[in-house]
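K.L.:
Here is a sequence together with a model predicted from it:
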Amino acid sequence: MPDNVIQPPIPTAPVTPAILDALRAIVGDKGLILDEQDKQPFTTDWRRSRSGTAAVVVRPASVEEVSKVVKLCYDNGIAIVPQAGNTGLMGGATPWPNHSGILLSVGRMNRVIEVDPVGYSMTVEAGCVLQTLQETAAKHDRFFPLSLGAQGSCQIGGNLSTNAGGVQVLRYGNARNLVMGLEVVLPNGDIWNGLRALKKDNTGYDLKQLFMGAEGTLGIITKAVLKLWPASKDNATAWLAVRDPQAAIEILSAAHSASEDNVESCELMSREATEMVLRHIPGVQDPLKADTPWYLLMQWSSSRPKADGAEGMSEKMEQFLAEQIEAGRVLDAVLAQSEAQTRNMWKIREGVAEAGRADGPGLSYDISVSVSKIPEFIDKGIKVAQAVLPALRPHPLGHIGDGNVHFGFGAPKGMDRATLNQYEPAITRAVNDLITSMAGSISAEHGIGIEKLDELAHYRSKIELDTMRTIKRALDPKNIMNPGKVLRLS
Amino acid sequence: MSFVDRLRSIVGEKGLILDDQGKHPYLTDWRENYLGKALAVVRPASTEEVAGVVELCAAEKVAIVPQGGNTGMAGGGAPHEDGHEIVLSLTRMNRILEVDPIGYTMTVEAGVILKTIQETAAEHDRLFPLSLGAEGSCTIGGNLSTNAGGVQVLHYGNARNLVLGIEVVTPQGEIWNGLRALKKDNTGYDLRDLYLGAEGTLGIITKAVLKLWPKPKDNATSWSAVPSPAAAVELLSGANAASEDNVTSCELMGRQGIDFVLKHIPGTADPLSDKHDWYVLMEWASTRPRREGDNVQGLREKMESYLGEAMEQGLVLDAVIAQTEAQSRALWALREGHTEASKKEGPSIKFDISVAVSKIPQFMTEGLAAMRKALPECRPLPFGHVGDGNLHFNCQAPAGWSKPQFMAYEHAISRAIYDLVVSYGGSISAEHGIGQIKLDELAHYRSKIEIDTMRTLKRALDPQNIMNPGKVVRV
């Protein structure tokens, strides 16, 4: 991505030798990184598209240490960039180039504190890797549904701070729906203990919702009580060639009842996205070899084990697919017969991000519209983008049940990044104008960070931006908490 | 022009109630715990009129008590006694603006009655799952402002989970249009969730985009006698898998409540021949239509075989499954009759508490002991949404006691129960909110940091403190 976002004013108080000593006294030598080369993995985002600076990377080992570090920064007006797994896509965890403050990584706080299988909850520290949490839940015959491409390295604190999405949102909701309680270090260093393992708690303002999705600009999430679900015992996965996106919506709508509300995922893939994966990701097979423009990856899961002789998920899905073929919505379909076949289907879906990078320069928009408007959006969106640059190669895909499309394009054959960048602002404006005219969102899952700072300011009403600013100023009066992210204060 | 004349110029004669008799229903809550006064009851017909009224009040520094159906349990919609406030009722804004069955959404004004929304969804073969005792008179704006709960939270979540977008009039009289019909929207702070549950202290919800679900086509309702609350929790845990995650309600009741219902609610009958200490009402619902023919496993058959297994394990002592819609309704009448039966039986103190689900059995034992220690002759009336960890842990006065006689014990009983709830990491208000009734309790039990953060938000968004002042948190 080009650096086309102008940096907002951020606090410039330096980390003096005295402050550094004070930091060392709090977190010890193990918790400090000063060497430029060692700091680099923290100050550069994982796509290497953006890098900044930090006087020091601070890695506290406990909430008390986080609290003391923040208090020190608060007293001295030093800016803090909180960071978890550093897998974000919008630069929210990357310091600005002239950031003079600290980067606070929660990665050392990685303990699972408690698992309560009967109460279906798990209490964890912010630095736990998502995949570790999925595996911990599975060991207790439970399921933690958050699932996304970066799960092997992203951390739950970051997932919650960005209200992460992923492939299971359809059934379980976004990250904010998977949380019962939070512990947060506020911008003045106070610790808010909201670690309540309660499904219902109507006692005043819902503070936890405010911190989730705030991308570390209102405080630092240090612990969370997560909700768990029963582990699934009976799954069916299929790869469908479908008539068009409209048919995909109708198929999903009918699938709810046919599966007895057990639709776990439903991902729309264009032929172009599928082919891109087949080209670049080794070992992936085309499940259908059907030359049709649209596919659907559908998974049904039930926590009820398949009883002998009874209909399981596979039988129900088979019957459903036959009906859908008859209705003309499905052109062809294959039901996975083994774990390996299931994984192959998922690899196609999950390989898109990596394949996109291997395919060369491209653009991607993480947008959402109301579900019923998806077909219209895809149709018009391709037209408005190609009106700017006719040879753009669209490869859309997305979480169709969430109304969330990853609206991606490859650069015209042979075009380099620099040339594409010249077209990017016009294409972005055209796509985002269309989304806004359709009452959609310009960032469905990935957040705002730095990348979309100006887009948000452009598309949201003054009253909405002012309300956010009022909240930011009230909770972080010194603007030290991830300053210059999400919204411009003036 | 006087203040009242200026109000009239915004909402017209139809939107203004000034006489005492006309105002009365808006000045008292339905439980008649509070009787306040108001300069006027204002009933705007549109968001623009609401904004106009709020702008005027902001300029004149007149406090506003927003009100929906006035069915709240905590006095959040009732005005104070000083008579300096206006009541702003949303009940004239009662239009359904759009139903999108394919997108599974419905856009409504704040004053639409919950039952109307349920029925409208059903007409489109959809379900709006919010369901609670007052559904025939409560309005959606109030439901959202209090983040209402009810009997289907287990499956669908609280009111806040049933909303995609809202429109709000801010304390400055500006209109925030957050009416987005989006399931995913990570664009800055989640303002929506701040207004939901704020009980009208941060702004007035004027419209909402609600989520819809497929309408269930196959149901099963059962009434089980269980040996203990622990058995109820275990019964529910197993039911999730046995039903393929189709448990929509799971309500625990004690014998005391059943006795009151049978005594006071006409037409109710004990479904089982013997008396038991504890009961579980369970509902399963699936959107897959029941198929005809042999060997078909509908929900009723699945429930039957599950309860059979549970009986063998001793989790269930006796059980009955409703065979008809009428039987199902009769079982639900036993649960829904609790509030009315308790009112007829005499005075009571209501505790709407929650703890982690796994702690319910232990809490029940200790809570009942604590209640009896505070007043040995009291009649505990615990019932509730066991799957949500939410108990209506009510305390019925000893037989024949007057309200003043009983209320002398209120403080001691409350302190005992709330202390225990807090020691369990629980909530002193699971669904009903804070309003006026729990203002001091919240201040007592929450950390200073939490209260201060709420105050900071309140002061920032409503610097003049005109929006439902003196509710939820003291500034």
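P.N.:
Thanks, I have the structure now.

K.L.:
any chance you could map the helices in the stretch 251-400 of chain A?
P.N.:
A:271-280, A:313-326, A:339-350, A:352-358, A:374-388 (DSSP state H, counting those that start in this stretch).

K.L.:
Would you single out the least confident of those helices?
P.N.:
Confidence, taken as mean pLDDT, is least for helix A:352-358 of those (a mean of 90).

K.L.:
Counting by contacts, list what that helix packs against.
P.N.:
helix A:271-280, strand A:404-410 (3 or more CB pairs under 8 Å, 6 or more residues apart in numbering or on different chains; DSSP states H and E). Placement of C-beta: from N, CA and C, glycine included.

K.L.:
Make CSV from the ones you listed and add mean neighbour count and distance to chain B to it.
P.N.:
Converted to CSV, the helices and strands packed on helix A:352-358 look like this (neighbours: other CB atoms under 10 Å in any protein chain shown; distance: least, CB to the nearest CB, whole Å):
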stretch, mean neighbour count, distance to chain B
helix A:271-280, 19, 19
strand A:404-410, 24, 5
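
K.L.:
These into JSON lines, with extra columns for distance to A:D332?
P.N.:
Below are these laid out as JSON lines (distance: least, CB to CB, whole Å):
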{"stretch": "helix A:271-280", "distance to A:D332": "13"}
{"stretch": "strand A:404-410", "distance to A:D332": "23"}
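
K.L.:
And the ones you listed: which comes nearest B:D218?
P.N.:
Evaluated over the helices and strands packed on helix A:352-358, closeness to B:D218 peaks at strand A:404-410, with 30.4 Å, by CB to CB.

K.L.:
Now do the closest one: which elements does it pack against?
P.N.:
Applying 3+ CB pairs under 8 Å, 6+ apart, we find strand A:404-410 packed against helix A:271-280, helix A:352-358, strand A:362-368, helix A:374-388, strand A:393-394, strand A:397-399.

K.L.:
pLDDT averaged over it, what's the number?
P.N.:
Averaged across strand A:404-410, pLDDT comes to 96.

K.L.:
just how off-centre is that strand within its chain?
P.N.:
In terms of CA atoms, centre = their mean, to the nearest Å, the centre of strand A:404-410 is found 15 Å from the chain centre.

K.L.:
what's that strand in contact with?
P.N.:
Strand A:404-410 has contacts (CB atoms under 8 Å, 6 or more residues apart in numbering or on different chains) with A:165, A:169, A:268, A:272-273, A:276, A:352, A:356, A:359-369, A:374, A:377-378, A:381, A:385, A:392-398, A:427, A:431, A:444-445, B:183-184.

K.L.:
Listing request: residues of the stretch 1-150 of chain A with sub-threshold pLDDT.
P.N.:
A:1-3 (pLDDT under 70).

K.L.:
Tell me which residue of it lies closest to chain B.
P.N.:
Proximity of the stretch 1-150 of chain A to chain B (CB to the nearest CB) peaks at A:G119, 3.5 Å away.

K.L.:
Next, count neighbours for residue 428.
P.N.:
If you meant another chain, say so; for now it's chain A. Residues within reach of A:T428, counting by other CB atoms under 10 Å in any protein chain shown, total 18.

K.L.:
wrong one, chain B
P.N.:
The burial count for B:I428: 24, using other CB under 10 Å.

K.L.:
Contacts only, for it.
P.N.:
Neighbouring residues of B:I428 by CB under 8 Å, 6+ apart: A:203, B:353, B:418, B:421-422, B:438, B:441-442, B:445.

K.L.:
ok so, going back, now the buried members of the contacts of strand A:404-410.
P.N.:
For the contacts of strand A:404-410, a burial check counting by 16 or more other CB atoms under 10 Å in any protein chain shown picks out A:165, A:169, A:268, A:272-273, A:276, A:352, A:356, A:359, A:361-369, A:374, A:377-378, A:381, A:385, A:392-398, A:427, A:431, A:444-445, B:183-184.

K.L.:
hang on, the earlier thing: which one is the residue of the stretch 1-150 of chain A closest to chain B nearest to, not counting chain neighbours?
P.N.:
Among residues not flanking A:G119 along the chain, B:S358 sits closest, at 3.5 Å (CB to CB, 6 or more residues apart in numbering or on different chains).

K.L.:
Show me what from the stretch 201-350 of chain B comes close to chain A.
P.N.:
Within reach of chain A by CB under 8 Å from any CB of the partner chain, the stretch 201-350 of chain B has these residues: B:202, B:214, B:217, B:233, B:237, B:240-246, B:286-289, B:297.

K.L.:
What about those residues, which are in strands?
P.N.:
B:214, B:286 (DSSP state E).

K.L.:
So which bits of stretch A:236-249 are buried?
P.N.:
For stretch A:236-249, a neighbour-count test (16+ other CB under 10 Å) marks A:236-243, A:245-249 as buried.

K.L.:
Let's see which of the residues you listed end up in strands.
P.N.:
A:236-242.

K.L.:
Any buried residues in stretch B:375-391, and which?
P.N.:
The neighbour-count check on stretch B:375-391 (16+ other CB under 10 Å) flags B:375, B:378-391 as buried.

K.L.:
any idea of the mean pLDDT in that stretch?
P.N.:
The model assigns stretch B:375-391 a mean pLDDT of 95.

K.L.:
do the same with stretch B:121-133
P.N.:
pLDDT averaged over stretch B:121-133 gives 95.
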